[in-house]
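**Q** how would this look folded up:
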Amino acid sequence: MRCEYFPDALYALQWSQMLHSLFYSLLTSAQACHKLCIYLACFFQPVSDVKITAKPGQPIENKTFSLTCDASGQVDSIHWVKNDQPLSPSGHITLSADSKTLSFNPVLRSDNDGYKCTASNPASKMSSEVNILTVNYGPEQVSISGSSDNVTVGAELKLTCSAVSQPTAIFTWYLKGKLIHKEAVYLIKSVKLNHAGNYTCEAFNSVTEEKRSYYQVMGTEAPKYFRAEENSNPVSIPKIQFNDTVTLTCMAFGSDVSYQWFNGSSEVLDTERILLSVDRKTLMISGVVRSDDGPFYCYVYNNVSNSTSKPFSLHMQCEFYQHLFQHPSSQFKLFLFVFTSLTVYFSIRGVIQEQAILNLSFKSNYKCQRNNRLHVSVPTIQSNVPNPVEFNDTVALTCTASGSDVSFRWFNGSSEVLDTPRIHLSADKRTLTISGVLRSDDGPFYCYVYNHFSNNISKPFSLDIKYGPDFPTLSVSLYKQVYAAGSSLILQCSAQSYPTAQIQWFLNGTSLYKRSQELEIRKVQVDQAGNYTCWAFNDVTHRYAAVHTVIDVRGGLMDSYAPYNPGVRHGHVTGRNDVLPG
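**A** Numbering: from 1, shown residues only. The predicted structure is shown next:
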């Protein structure tokens, strides 16, 4: 039997009459039943070539997306399944009137699954291949692991950048704004002082074309040591008298660290006057003499690396007396300064000279008096910027002291301050300049002054550095991403900032006029679903940062909704402005 298709109404009527007559023959003729099946196949064009077309080809979270079921032949109905279960449109998923197009407005990562459509008519049906929907999103929650605020010079440092992203983010590293690496892991086998600075990891999603960054400020330091005294100030600038007992302690960061001490180029070993602690960290000198002035070095090492501290010298404090000699037969005065170190100085007409041999025959003819005019005064520190802002300001600290031929040294805590790419000392050491001040530059700073006759130290000086806000953190109550209408929703937002950041909340870009760290909606409604954004703003630094999360609110039972995944909810924005955006 040859099969012909008759779309015309007249021919359809003729076929209908033939089919009607065949029904009466079915009870007695198997051949008639076979003919009926053939006639049905001839009357309805078979369904074929069923396939699903995605638009756009790469679905991006929170944007519109659709799947369209296309088929050849006569299609009377189309049915959709998700993960082999019948799909019932609801909420953000809708079907077109002819059921051909499945629309997502917007598409969410919770929509990830296998989708299939079946097209049919009374004579045939066919299903498409399974279309695996993978929603692209991110990058979010960019973070750096393996870092610390301070890393010892010579140690190995491994920095790893990660982000929540589909597809996997492309990572780029910057140091002080300069490109240094193009992979997720950045390895420094031996840290140097110039490795200190602001490290930025940038994550880029090639599909969503979104970028997110995270920065980490890292400092480097050499092994350091200082004089430890009972009831000492936080920094102990040596003011050592002869015959004092001096204790030097070496501090270094690392695991299984071993210590060695050197005075100049000679290793320091135990003697009657010099004692090393069992762990070699501490060196104690009893009855200090002039030859104990150093410079001392602390050498530290382990199985991974080694390093040597900067030189450290002991400064002997010389108590002096000014003796005024007036010889009866002369018209000039001789000022004689005798130091406890047995070094002898004298001055004729204001010019100080050094004299190795003293004629004591004049002693009985002169009177002795104490004079403090050559002593250095207690120094004071002044700053050019009273309230510096991190990354913006250059701070200059100036030390002022009176006295003759004064020398200056600077200390930050217990560490002496030396020139670095960011920190500069003037030629006379009176002024300490810090470029691009960081919050870790808060001090306390000390200015130590000295000359041939005395020494002194300033009071501690701390910088009140304004910073932030850093990237905010946002937490959601009940650990859910989807909420039932009428339930309670609590969002909490915070950010590192000084002074404390001002918090403001937005929903889908519209201000909620809520200015506190917590946003509580006791009975959330369906129209309150959307993108919640927390803005943090510092009115001193004029910087802002934001974090957002998408909340879905639905009516009805919630048992079938996806559980909340706290690892995929955040996006970050940072910037600088005079007013809060929005």
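**Q** I'd say residue 151 and residue 157 touch.
**A** Yes - counting by Cβ atoms under 8 Å, residue 157 is a contact partner of residue 151 at 5.4 Å. Every C-beta, even on glycine, is put in place using the N, C-alpha and C of the backbone.
**Q** so how far is stretch 103-122 from its chain's centroid?
**A** 40 Å (Cα atoms, centre = their mean, to the nearest Å).
**Q** One more: stretch 84-102?
**A** Taking mean C-alpha positions (Cα atoms, centre = their mean), stretch 84-102 and its chain are 44 Å apart.
**Q** so how far is the first residue of it from its last?
**A** By Cα to Cα, to the nearest Å, the extent of stretch 84-102 from end to end equals 16 Å.
**Q** Same check on stretch 74-92?
**A** End-to-end distance (Cα to Cα), stretch 74-92: 30 Å.
**Q** Can you point out the buried residues in it?
**A** 74, 75, 78, 80, 82, 87, 91, 92 (16 or more other Cβ atoms under 10 Å).
**Q** hmm, who's touching that stretch?
**A** 44-45, 47, 69, 71, 93, 95, 98-100, 102, 104-108, 113-122, 552, 554 (Cβ atoms under 8 Å, 6 or more residues apart in numbering).
**Q** out of these, which are inside strands?
**A** Within these, residues falling in strands by DSSP state E are 69, 71, 93, 95, 102, 104, 113-121, 552, 554.
**Q** Counting neighbours, which of the residues you listed end up buried?
**A** 69, 71, 93, 102, 104, 115-121, 552, 554.
**Q** Name the nearest of those residues relative to residue 261.
**A** residue 552 (65.5 Å; Cβ to Cβ).
**Q** what about the stretch 251-400 of the chain, any weak spots by pLDDT?
**A** The stretch 251-400 of the chain contains residues with pLDDT under 70 at 253-255, 304, 316-374.
**Q** ignore the last one, the chain
**A** For the chain, the ranges with pLDDT under 70 are 1-43, 147-150, 152-153, 193, 215-243, 253-255, 304, 316-374, 478-481, 556-582.
**Q** Now do the helices in it.
**A** Using DSSP state H, the helices found in the chain span residues 9-25, 30-43.
**Q** Residue 68 is in contact with residue 101, isn't it?
**A** Yes - between residue 68 and residue 101 a contact is recorded at 4.8 Å, counting by Cβ under 8 Å.
**Q** Greatest separation within the buried ones among the ones in strands among the contacts of stretch 74-92: which pair is it?
**A** For these, and using Cβ to Cβ, no pair is farther apart than 121 and 552, which are 37.6 Å apart.
**Q** can the buried ones among the ones in strands among the contacts of stretch 74-92 go into CSV with extra columns for distance to residue 537?
**A** Output for these, formatted as CSV (distance: Cβ to Cβ, whole Å):
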residue, distance to residue 537
69, 49
71, 55
93, 38
102, 42
104, 35
115, 43
116, 49
117, 49
118, 54
119, 55
120, 59
121, 62
552, 28
554, 33
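**Q** What is the nearest of these to residue 531?
**A** Closest to residue 531, out of all of those and judged by Cβ to Cβ, is residue 552, at 10.7 Å.
**Q** measure that closest one to residue 93 for me?
**A** For residue 552, the distance to residue 93 equals 12 Å [Cβ to Cβ, to the nearest Å].
**Q** got it, and residue 471?
**A** From residue 471 to residue 93 the distance is 33 Å (Cβ to Cβ).
**Q** wait, what's in contact with residue 432?
**A** Neighbour list for residue 432: 396, 397, 398, 399, 410, 417, 423, 424, 425, 426, 445 [criterion: Cβ under 8 Å, 6+ apart].
**Q** try 10 Å this time
**A** Contact analysis of residue 432 by Cβ atoms under 10 Å, 6 or more residues apart in numbering lists 381, 383, 395-399, 408, 410, 412, 417, 419, 423-426, 445, 447.
**Q** for residue 517, same thing?
**A** Shown in contact with residue 517 (Cβ under 10 Å, 6+ apart): 472, 491, 492, 493, 494, 495, 500, 501, 503, 505, 534, 536.
**Q** does the second one really touch residue 472, like I thought?
**A** Think residue 491. No - Residue 491 lies out of contact with residue 472 (Cβ atoms under 10 Å); the separation is 11.2 Å.
**Q** Dump the buried residues of stretch 74-92 to CSV, plus distance to residue 144.
**A** As requested, those are exported to CSV (distance: Cβ to Cβ, whole Å):
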residue, distance to residue 144
74, 60
75, 54
78, 50
80, 44
82, 38
87, 42
91, 37
92, 35
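**Q** for those, which one is nearest residue 273?
**A** Of all the buried residues of stretch 74-92, residue 273 sits closest to residue 92, with 82.5 Å by Cβ to Cβ.
**Q** Can you name the residues bridging to residue 546?
**A** Beta-bridge partners of residue 546, counted by DSSP bridges, are residue 535, residue 573.
**Q** typo on my end, residue 521
**A** With DSSP bridges as the rule, residue 521 is bridged to residue 489.
**Q** That one: how many residues sit nearby?
**A** Neighbour count for residue 521, taken as other Cβ atoms under 10 Å: 20.
**Q** quick one, what contacts it?
**A** By Cβ under 10 Å, 6+ apart, the neighbours of residue 521 are 477, 483, 487-491, 507, 512, 514, 528, 532, 551, 553.
**Q** what's the answer for residue 398, then?
**A** Contacts here follow Cβ under 10 Å, 6+ apart; on that basis residue 398 touches 380, 381, 382, 383, 384, 426, 430, 431, 432, 433, 447.
**Q** mind redoing it with 8 Å?
**A** Taking Cβ under 8 Å, 6+ apart as the test, what residue 398 contacts is 381, 382, 383, 384, 430, 431, 432.
**Q** Drop anything exposed from the residues you listed.
**A** With burial judged by 16+ other Cβ under 10 Å, the buried subset of the contacts of residue 398 is 381, 383, 430, 431, 432.
**Q** ok, now how distant is the fourth one from residue 385?
**A** Note on residue 431: its distance to residue 385, by Cβ to Cβ, is 13 Å.
**Q** can you check the third one too?
**A** The gap separating residue 430 from residue 385 is 17 Å, by Cβ to Cβ.
**Q** give me every residue that touches the nearest residue to residue 72 once chain neighbours are set aside.
**A** In this structure, residue 72 finds its nearest non-sequential neighbour in residue 49, 4.3 Å apart by Cβ to Cβ, 6 or more residues apart in numbering. Contacts for residue 49 (Cβ under 8 Å, 6+ apart) come out as 70, 71, 72, 73, 126.
**Q** ranking these by neighbours, who comes first?
**A** Busiest of the contacts of residue 49 [other Cβ under 10 Å] is residue 71, holding 22 neighbours.
**Q** The nearest residue to that one once chain neighbours are set aside pairs with what?
**A** Spatial nearest neighbour of residue 71, excluding adjacent residues (Cβ to Cβ, 6+ apart): residue 119 at 3.9 Å. Beta bridges link residue 119 to residue 78, residue 126 when assigned by DSSP bridges.
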